[in-house]
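[1] Just to be clear, the model below is a prediction. Sequence and coordinates:
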Amino acid sequence: MTLSLVLQAIFAGVTNGIVYAFVGMGLSAIFKGSRVINAMQGEFAVIGAMTTVLLLTKSGWPYPAAIAGGVLAGALVGAFIEVAFVRYMAKKNASEDSFLLLTIGLALTLSASILFFIGRDGHLLPPIGGEGVLLVLDAVIQFHALWLIAIGIGATLLLRAFCHRTTVGLSMMAASIDADGAATTGINVGRMRTYTFILGGLLGALGGILVTPLISVDYTLGLNLTLKGFAAAVLGGLTNPLGAAVGGITLGLVESLAIIGISSSYKDVVAFSVLIIIMILMPNGILGRAGRRGG
Amino acid sequence: MQSRLLWIAVALVIWAALPFFVPRNIADLLVFTGIYTIAGLGIGLLLGHCGIVNLAQATFYGLGAYASAYCTVMMGLPSIVGFVAGAAISMALAYVIGRPILRLTGYFLALGTLALSAIASALFFEWDWLTGGTLGIGGIPKLNLFGFVLDRPSRYYFFVWIVAFACMAAAHNLVDSRSGLMLRAMRDSSTAAAALSVDLQSLRTRVFVVCALFGSLAGSLFAHHASFVSTQSFGVDRSISFLLIPVIGGATSIPGIVVGALFVTFLPEFLSKLGDIHQILFGLALVAVVVLLPDGLMGAFGRLRTRLAARQGNHAR
Amino acid sequence: MPANAILALKEVGHSFGGLAVLRSVTFDVPEGGIIGLIGPNGSGKTTLFNIVSGYIRPLAGAITYQGAPLVRESIQRRGTAGLVRTFQTPQVFEQMTVLENIMVGCTKLTRTTMLQDLLRTPAARGQMREIRQRAEAACERFQLGNLRDLPAASLTAGQRRILEIARAVVGEPRLLLLDEPSSGLNAQEIENLREWIVRLNEQGITVLLVSHDMGLMTVARTVHTLYFGEIIASGDMAAIQRDPRVREVYLGV
């Protein structure tokens, strides 16, 4: 094992980790706001990425506009799912399992829709910041990866500011902590739940767009990303979106360091084993914050 | 009571006559319905009586299938060895993994089992010395029952369904038994069940082991039917479709499992005539069932029947 | 500790997040007795109750049950040893019938393996028959016979309470822990409940009763008064009601 190999693995881990962090932050935001584990969170990423690909290649939009379009598509789908399904089922006091099955069904539908309307081919986006690479001690680092890290940090800080500084963010936090209490102060709890789904869709889509220059995105990617995002969120304590950011990067590092020298398909084995072990041994996540509720 | 016996007799006649009147592809689907019923029964026990969402059944299904394939093709052993080996491995694995993982509850347990399925599917792919990887293992012999070779779907149909009926009887026995009482108590109030000395942890683990046994049995039956197994059959998507069987049919009802298995095997087949859009329609059908019929088709049927009965009762008065 | 104590608490203490809720609580429950525990809200009654039944592990002190240390035993083991509790809000199995609820209470008296249950072996069938017979007898004994096939969800609060007690008693407990059994009941139902407690006690079941219902509490031979986690008075109900400290802190006089 050489130093450059380890360094390469660390960079790969951080870049993958940021993508898991985005999916995990979205999942965690939705869980915090609605107590629904969104088993189609990974599909948001696929939707975001595919929309961007189509806008860029088929409609000829400039790259930044296409990215904005992709993020918007994720947010819209998030809002649609809350208004069309979650709201109705919440009114009927559906069980936890029903919400899980609902989102699994939606994940199947969306992935089948992508297969039907777009096809089974994988798609790549051009890297942000150009094709260039940086050499650090023989480890190859794409410029895109640096951009990804910068955007990841920026988005996490923005999310933090949004939750703690803005009226909407504070209302969402209040509604998620104590729905009845928030309702008595005039907060529209139902609308806040819609906002959390929009936020979840937005974060998921952004994660998907950012990963597409590195991994080719096709209709099967959603489920895998959902599980990785869930692992990230659980590592971070599940109800803490910022914890999910830490969790995602930890997961990315663990899986990329664990597979140095062996086949890369053990990556998933490592990641999912970590998920199971963390859930059993550290139910409050690696940050040790309380607030996890299983059911 | 008599009308019930009559219904059962009619159903049996239809069941026995069916393979002789339907085309081969339908007979083939009916074989799959039987196999899926067996796998679904275990998940139904967990979901309906323990409140556990098991998204790992494809793991045990795969273990059963690979055990049968490996024992018969690679080692030239009789098929019964494959069945027994698959069941033993699956039950042992379910016990070892079940004890820690069943301490989780709710979403965490559901996603824990999903992660388990993802791990297993990656390992099936990776351990190609055992599983043949994506190339798979072919040439699995048809079952041979005392010299009678079950080589056509119509013949295998009877064998599979007799096994399925035996499994249904076993599941029915379990629900009706002392263990069944404790299971239902645990589902309704685990706190009170514990106060009455019901050992929740051990009970959940044992049902998980039974579920794995059914899964493995179904997998072995599948291997001998398809005569070829590869990683594609044991992925996470298969675990999800197994879970749909009790969800769609109704988890607490044994006929509901058959209905769910019919739904999962036949609906995609019929929808596929509509072209590639069928997967979308299948997903939407699932969403519709979850949203509109929270206790499955059998649950909705039961509610309809009580409503009709109540109306008739009102008329009588 | 007197030789005939079925349960003995010695200097039991507990706190939540640094706030002491029980301070060095010591008392015995004599075999065959009815012992009451009263105290205002927040006095530590429920915590003590949860400690004895195994839902909370105490931070200090020792408890012996039938002469053996109890604190490390699981809830289930306590149950099989004859220590059974009811809940402040009756916890019936709502989707099961009244008879089935009581049958669950009998399950601990027999053993079957899951394989026997799957195959419905003669042993499993025999045990199920025995469970059913016991439960049917208990159903009659507790005057639940005409409700036996109704789902427990349809019962009134009073019926649920009786069902919960029947379910506990059918498993042949030696020490029955009743947590606020009169809450939610009307006067007639409380009177019934009182009779039941006396009758079960006559049949040899020791009762530990937690309540703030002074009327019901008169069934107890000895009553301990908890106040801020400490026992401030013990004696029969008449003595307790005369005790100046109890009158001051509890009755507010």
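    Good, I have the coordinates.
[2] Now do the buried residues in stretch C:62-78.
    C:63-65, C:70, C:73, C:75-76, C:78 (16 or more other Cβ atoms under 10 Å in any protein chain shown). Heads up, the C-betas are built off the backbone N, CA and C, glycines and all.
[3] buried set for stretch C:140-150?
    Residues C:142, C:144, C:147-148 are the ones in stretch C:140-150 that count as buried (16+ other Cβ under 10 Å).
[4] does chain B sit close to it?
    No: against chain B, stretch C:140-150 shows no contacts by Cβ under 8 Å from any Cβ of the partner chain, the least distance being 14.6 Å.
[5] What average pLDDT does that stretch get?
    Averaged across stretch C:140-150, the pLDDT comes to 88.
[6] So of the buried residues of stretch C:62-78, which two are at opposite extremes in space?
    C:T64 and C:Q76 (18.9 Å; Cβ to Cβ).
[7] Against which helices or strands is the helix ranked longest in chain B packed?
    Identified as the longest helix of chain B according to DSSP state H is helix B:200-226. Counting contacts by 3 or more Cβ pairs under 8 Å, 6 or more residues apart in numbering or on different chains; DSSP states H and E, helix B:200-226 packs against helix B:24-44, helix B:50, helix B:57-69, helix B:79-101, helix B:153-176, helix B:178-188, helix B:190-195, helix C:114-119.
[8] got a pLDDT number for whichever residue of the stretch 1-150 of chain A sits closest to chain C?
    Of all residues in the stretch 1-150 of chain A, A:S95 sits closest to chain C, at 13.6 Å by Cβ to the nearest Cβ. pLDDT for A:S95: 79.
[9] can you check C:L251 too?
    pLDDT at C:L251 comes out at 59.
[10] Give the buried residues for the helix or strand hosting A:V53.
    Using DSSP states H and E, A:V53 maps to helix A:41-57. Counting neighbours by 16+ other Cβ under 10 Å, one finds that the buried residues in helix A:41-57 are A:41-56.
[11] ok, which of those also contact chain B?
    Restricting the buried residues of helix A:41-57 to contacts with chain B (Cβ under 8 Å from any Cβ) yields no residues.
[12] now, which of the residues you listed sits nearest A:G229?
    Proximity of the buried residues of helix A:41-57 to A:G229 (Cβ to Cβ) peaks at A:Q41, which lies at 5.3 Å.
[13] need the contact list for the closest one.
    Shown in contact with A:Q41 (Cβ atoms under 8 Å, 6 or more residues apart in numbering or on different chains): A:23, A:26-27, A:30, A:200, A:204, A:225-226, A:229-230.
[14] what helices or strands is the helix or strand where A:A244 lies leaning on?
    Using DSSP H and E, A:A244 sits within helix A:241-258. The elements that helix A:241-258 packs onto, with contact taken as 3+ Cβ pairs under 8 Å, 6+ apart, are helix A:3-34, helix A:143-165, helix A:221-235, helix A:266-281.
[15] Now do that helix against helix A:3-34, angle only.
    With axes from the mean of the first three to the mean of the last three Cα atoms, to 10 degrees defining the directions, helix A:241-258 sits at 150 degrees from helix A:3-34.
[16] can you list the weak-confidence ranges in the chain?
    I'll assume chain A. Within chain A, the segments meeting pLDDT under 70 span A:1, A:261, A:286-295.
[17] could you do chain C instead?
    For chain C, the stretches with pLDDT under 70 are C:1-3, C:250-253.
[18] Next to chain B, which bits of it? Give me the list.
    When proximity is defined as Cβ under 8 Å from any Cβ, chain C approaches chain B at C:53, C:55, C:75-77, C:79-80, C:84-87, C:91-96, C:100-101, C:103-105, C:107-108, C:110, C:112, C:114, C:116-120, C:124, C:127-128, C:131, C:164, C:167-168, C:171.
[19] Pull out the buried residues from those residues.
    By neighbour count, with 16+ other Cβ under 10 Å, the residues of chain C next to chain B hold C:53, C:75-76, C:79-80, C:84-87, C:91-93, C:96, C:100-101, C:103-105, C:107-108, C:112, C:114, C:116-118, C:120, C:124, C:127-128, C:131, C:164, C:167-168, C:171 as buried.
[20] Comparing the helices and strands packed on helix B:200-226, which comes out most buried?
    Ranked by mean neighbour count, the helices and strands packed on helix B:200-226 are led by helix B:57-69 with a mean of 31 (mean count of other Cβ atoms under 10 Å in any protein chain shown).
[21] and that one, how far out from the chain's middle?
    Distance of helix B:57-69 from its chain centroid, counting by Cα atoms, centre = their mean, to the nearest Å, is 13 Å.
[22] what do you get for stretch C:193-200?
    The answer for stretch C:193-200 is 13 Å, by Cα atoms, centre = their mean.
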